[in-house]
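Trainee: Show me the folded form of this:
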Amino acid sequence: MTFNILIVATVILLGIIFLLIEIFLLPGISIAGIAGLVFIIGGIAYAYVFLGTAAGNITLLIAAVLLAGGFIGLLRSKTLKKIALTKEIDSTVDTGDLKKIQIGDQGITLSRLNPIGKVGIKGLAVEGKSADGELIDEGTQVEVVKVNSSNIIVKRKEPTN
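Mentor: Coordinates of the predicted model:
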């Protein structure tokens, strides 16, 4: 009887440890998570089979409380804060070239706009987007319709007669 209780306790504790490792340290579903579930379910099933229904119910309750306690304890621990990613990114993309471009400026597509690609205007290579979502081939003359914070909106330049 004592040996069965020891087996159940060990298997469930191993399952809880593996499950907490899976949740807090390993990304995705891995062998640790699967092993944790197998150990926990196996320990509870072992308790039901070899110790009886009452002991199985008690084991199920204790396993749930221990798992919840371990989860909450790790969330509140300072150890988790040491391994958490807390770096804030405060850098921005340099859009200084876009300030040099005005509506009505003309240029040429450096790559195919499908509907986004590279456009050369005033000797600058910037990201451009076609106004109507149309596909504009490389080397086509374009005109700036709008300047956004990260790109420009262009349309195909109408040929002059």
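Trainee: beta partners of the nearest residue to I103 once chain neighbours are set aside?
Mentor: Distances taken as C-beta to C-beta, 6 or more residues apart in numbering place V144 nearest to I103, at 5.5 Å, with adjacent residues excluded. C-beta coordinates here come from the backbone N, C-alpha and C atoms, glycine included. With DSSP bridges as the criterion, the beta-bridge partners of V144 are V154.
Trainee: So which residues of this protein form helices?
Mentor: Shown for the chain, the helices assigned by DSSP state H span residues 2-24, 31-51, 53-76, 78-83.
Trainee: Any chance of TSV for those helices, columns mean pLDDT and distance to T95?
Mentor: Formatted as TSV, the helices of the chain follow (pLDDT from 0 to 100; distance: least, C-beta to C-beta, whole Å):
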stretch	mean pLDDT	distance to T95
helix 2-24	91	39
helix 31-51	94	43
helix 53-76	92	40
helix 78-83	75	35
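Trainee: Which one, of the ones you listed, ends up nearest to R156?
Mentor: Of all the helices of the chain, helix 78-83 sits nearest to R156, with 52.9 Å by C-beta to C-beta.
Trainee: Please convert the helices of the chain to JSON lines, extending it with distance to V126 and mean neighbour count.
Mentor: As requested, the helices of the chain are arranged in JSON lines below (distance: least, C-beta to C-beta, whole Å; neighbours: other C-beta atoms under 10 Å):
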{"stretch": "helix 2-24", "distance to V126": "44", "mean neighbour count": "17"}
{"stretch": "helix 31-51", "distance to V126": "46", "mean neighbour count": "17"}
{"stretch": "helix 53-76", "distance to V126": "46", "mean neighbour count": "14"}
{"stretch": "helix 78-83", "distance to V126": "40", "mean neighbour count": "9"}
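Trainee: For the residue nearest to I103, the count of nearby residues, please.
Mentor: The number of residues packed near V144 is 22, by other C-beta atoms under 10 Å.
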